[in-house]
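[1] my questions are about this predicted structure, shown below with the sequence.
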There are 2 protein chains.
Amino acid sequence: MKIPLRQHHRSIEFRGACPMSVYDYLEFKHLKSIVAIAEEGTITAAATRIALAQSALSRQINELEDALHIQIFERDRGGMTITPAGESLLRFARELLQTRIDVVKAVQAIHQATMRPFRLGFTPFIEHQVISTVCDAYRDLFPKGSIHPENGDTEGVIKRLRAAELDAALVTLPVLPDGYCIQPVMHEPLVVCIRKDDPFAAQSELPAESLNGRLAIFSDPRHHPRAHERLLEMLEGQGIKPKISNPTFNSEHVQWMVRERLCIALIRQSEPLHEDLTTRPIEGVNWTIDSAIAYREEHDQEALPLLLRDLEKRFSVAEPRPHKKPPQRATERQEQQRLSFGGQNNKSS
Amino acid sequence: MKIPLRQHHRSIEFRGACPMSVYDYLEFKHLKSIVAIAEEGTITAAATRIALAQSALSRQINELEDALHIQIFERDRGGMTITPAGESLLRFARELLQTRIDVVKAVQAIHQATMRPFRLGFTPFIEHQVISTVCDAYRDLFPKGSIHPENGDTEGVIKRLRAAELDAALVTLPVLPDGYCIQPVMHEPLVVCIRKDDPFAAQSELPAESLNGRLAIFSDPRHHPRAHERLLEMLEGQGIKPKISNPTFNSEHVQWMVRERLCIALIRQSEPLHEDLTTRPIEGVNWTIDSAIAYREEHDQEALPLLLRDLEKRFSVAEPRPHKKPPQRATERQEQQRLSFGGQNNKSS
DNA sequence: GGCCGTCCATCGCAATAAAGTATTGGACTC
DNA sequence: GAGTCCAATACTTTATTGCGATGGACGGCC
């Protein structure tokens, strides 16, 4: 059991401000070895997998454990089994190794073509704040890169994404996750916009029936057919027949129509309101608009993995929405079966 | 310019499933070197700092650049300046090196004492969902670790945190950030709870005057003196004189009093309501309750850095709140000058 | 119980990779 | 034109890794 304390002939440790900490014993190659051993179960098998001699691998791990004072594996007969400490280490090993790959790819891209500009599509339904957060993240990660946001309607954006004319796109769900992946970035409640002097304004939540025949839908089927359909489905599910009206994006038009008592309207909770108007949730449902970033799995944009990784940090995942939902990891929950509806499913545990 | 392509004597590359990718050339030591060179400006200085010979460092970087086909530095007279590609790499180098330290520390701790249990304080003001998200994160990172949530009033929790009897604490702001650090986890709007048949329920927002003399405050100065003070300040700032009442935590008591027309009350937007009650925001202000996790800067809990890192991902930072706020990084914005008030300062850019 | 196979640890030795020392050469300064 | 600073290179030394072989521990099998 020799201690592999690096013994440079002449005094090291004193020179500069860098006393060679113990952490330096851990290198990426060790992480690779750990993953291999954990997955193969024996040093012998792991050694062949990572093209190393069995003896070398055995030494490597023993010395690492020794230097770090960690026992990573338990030596049973018949192989190595990972310890609790090793289990946590393994988790990070995988993460770090993947990050290394992503970083190298991205940096190579920056160098080679001074990196291809990141083409980010977005639809009119995406809040400006979301777009700028994404752009900020990108510029923060790649100061010399460039990001080109381009807008378009949902179908067009998705089509261009699929055709690799975009590297990623900010869209609102639902979209068919066909040929691309989705990572959610924000959820925003849908509420009903009514006049303050509307009789129903006295209530904190509007019963679904009260909307029947009054609620106008302004979403344009051409701009986001799936969301439009989904919305109609959801309304139908609550027994609400929407009023027919001409599609528009213009929030002021919508509010004007409500003010003129021509209808009431579904809008986002965060939308700034005219002073005569107010909003109310619909009783018993918890509809939200979900924004997500979509990207091709087989992307050729080297900046993408790191951008996604960073966005995960920047955007909400735990929803501080009225009534608690079970906290979930972003990667598991995304799905386009919500325009969204939350409705009854609060408090599943 | 020899190519340092690792030439194992006998054919490697074919053995297992691990064809030795180019990414393997990048090791943590390279990241250290890159950071050192970038900070020192010359190879010579960097070499002494990281206890390496100048020649070794020069070669190391040259071979790395060569293997990865990246130019990281520009060789000027008088030193090395970093390239755009290097700039991005540098960013990740720092991040990864820090993560390595955090990981090793945490894993060491797991091994040594099978890891000291994580003592997480929380106050009655913290939503259960927040606590369980934190606990989930911990257990996810350290499957064999244990986390002990303990509740207490704010002052007690802070005191025990400072006395190192707790490793971290979930508290609501404001707290004096004295001797410890704070990372926000959630913001939740405060709204006024009123009866549905209250005349003011017809309005979507309540003017501040309408609360005068009617709004009862149930927060207990003993449980969170600073928040209590702050709340009174905020009310005073709006010209609201609160009604005196006995402190209570029990939300049902509060709602019962509102139902009995004894008062109206400030509550969290997400609180489940009795069917006779509703909530309204106060006009012109945007008060929120901010939950944060507090911890000593000189912690001895090795799990803490990785937990904080993970929580950053799990919790909202971009606030999908009514009216956009500028997106900010979590670490910069925390401060206890909000109980919080948002009020006029929306849309600062 | 004895035999065999598997697997990990260890050792000696050889080959390679990495770091050290010393030197060179360019560029800039005075 | 000598001095200085710096990176790069030549050459030497050290450290790491590979290879092959051995031993111990365990379990299965006859």
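    Ah, there it is. Residues are numbered from 1 along each chain as shown, chains lettered A, B, ... in the order given.
[2] give me the spatial nearest neighbour of the residue in the stretch 1-150 of chain A that DNA strand D sits nearest to, chain neighbours excluded.
    Among the residues of the stretch 1-150 of chain A, A:Ala56 lies closest to DNA strand D, at 2.3 Å counting by C-beta to the nearest atom of the strand. Where you see a C-beta, it was placed from the backbone N, CA and C, and this is true even at glycine. Nearest in space to A:Ala56, with sequence neighbours left out and distances taken as C-beta to C-beta, 6 or more residues apart in numbering or on different chains, is A:Ala47 at 7.2 Å.
[3] looking at it, the residue of the stretch 1-150 of chain A closest to DNA strand D is touching A:Thr48, isn't it?
    No - counting by C-beta atoms under 8 Å, A:Ala56 stays clear of A:Thr48, with 11.7 Å between them.
[4] more crowded one of the two?
    For A:Ala56 and A:Thr48, the more surrounded residue by other C-beta atoms under 10 Å in any protein chain shown is A:Thr48, and the numbers stand at 19 against 13.
[5] just checking, what packs against the host helix or strand of that one?
    Assigned by DSSP states H and E, A:Thr48 falls within helix A:43-49. If you count contacts as 3 or more C-beta pairs under 8 Å, 6 or more residues apart in numbering or on different chains; DSSP states H and E, helix A:43-49 packs onto helix A:28-40, helix A:54-68.
[6] ok, and which of those has the densest surroundings?
    helix A:28-40 (a mean of 21; mean count of other C-beta atoms under 10 Å in any protein chain shown).
[7] now do that helix, average pLDDT.
    Averaged across helix A:28-40, pLDDT comes to 88.
[8] over to stretch A:290-308?
    88.
[9] any idea of the pLDDT on the residue nearest to A:Ala56?
    85.
[10] burial of it, as a residue count?
    A:Ala47 has 23 nearby residues by other C-beta under 10 Å.
[11] same question for A:Arg77.
    4.
[12] residues contacting A:Cys305?
    Residue A:305: Pro, not Cys. A:Pro305 makes contact with A:Gln98, A:Asp102, A:Lys105, A:Ala106, according to C-beta atoms under 8 Å, 6 or more residues apart in numbering or on different chains.
[13] repeat that for 6 Å
    By C-beta atoms under 6 Å, 6 or more residues apart in numbering or on different chains, the contact set of A:Pro305 is A:Asp102.
[14] CA atoms only: put the helix or strand that contains it into CSV for me.
    Element membership of A:Pro305 [criterion: DSSP H and E] is helix A:304-314. The C-alpha trace of helix A:304-314 is given here as CSV (Å, rounded to 0.1, in the frame of the first residue of the first chain):
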residue,chain,number,x,y,z
LEU,A,304,-27.1,23.1,-28.0
PRO,A,305,-26.3,20.6,-25.2
LEU,A,306,-24.6,23.3,-23.1
LEU,A,307,-27.3,25.7,-23.8
LEU,A,308,-30.0,23.3,-22.7
ARG,A,309,-28.0,22.4,-19.7
ASP,A,310,-27.8,26.1,-18.7
LEU,A,311,-31.5,26.7,-19.4
GLU,A,312,-32.4,24.0,-17.1
LYS,A,313,-30.8,26.1,-14.4
ARG,A,314,-32.4,29.3,-15.5
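[15] next, the angle helix B:304-314 makes with it.
    90 degrees (axes from the mean of the first three to the mean of the last three C-alpha atoms, to 10 degrees).
[16] state the distance from the spatially most central residue of chain A to A:Pro305.
    Nearest to the mean C-alpha position of chain A, by C-alpha atoms, centre = their mean, lies A:Gln183 at 3.7 Å. Distance, A:Gln183 to A:Pro305, using C-beta to C-beta, to the nearest Å: 11 Å.
[17] pLDDT weak spots in the stretch 101-250 of chain A?
    Along the stretch 101-250 of chain A, segments meeting pLDDT under 70 span A:113-115.
[18] which phi and psi does the closest residue to chain B within it have?
    Nearest residue of the stretch 101-250 of chain A to chain B (C-beta to the nearest C-beta) works out as A:Ser204 at 2.7 Å. Dihedral pair for A:Ser204: phi -80, psi -30, per degrees, to the nearest 10.
[19] can I take it that the residue nearest to the centre of chain A is in a strand?
    Yes - residue state for A:Gln183 (DSSP: H, G, I helix; E, B strand; the rest coil) corresponds to a strand.
[20] that one reaches A:Ala294, doesn't it?
    No - look at A:Gln183 against A:Ala294 with C-beta atoms under 6 Å: they stay out of range, at 8.1 Å.
[21] any residue of the helix holding A:Thr48 touching DNA strand C?
    Yes - legend: contact between helix A:43-49 and DNA strand C by C-beta under 7 Å from any atom of the strand is shown at A:Ile43, A:Thr44, A:Ala45.
[22] residues in contact with the closest residue to A:Asp198 other than its chain neighbours?
    Among residues not flanking A:Asp198 along the chain, A:Ile264 sits closest, at 7.4 Å (C-beta to C-beta, 6+ apart). A:Ile264 is in contact with A:Val192, A:Ile194, A:Arg214, A:Leu215, A:Val258, counting by C-beta under 6 Å, 6+ apart.
[23] DNA strand C versus the fourth one, what's the distance?
    What it means is A:Leu215. 66 Å (C-beta to the nearest atom of the strand, to the nearest Å).
[24] what of the second one?
    To DNA strand C, A:Ile194 is 69 Å away according to C-beta to the nearest atom of the strand.
[25] what's opposite that residue in the beta bridge?
    A:Thr278 (DSSP bridges).
[26] A:Glu236 versus that one, what's the distance?
    21 Å.
[27] of those two, which one has the most company?
    A direct count of neighbours by other C-beta under 10 Å for A:Ile194 and A:Glu236 places A:Ile194 higher, at 25 against 11.
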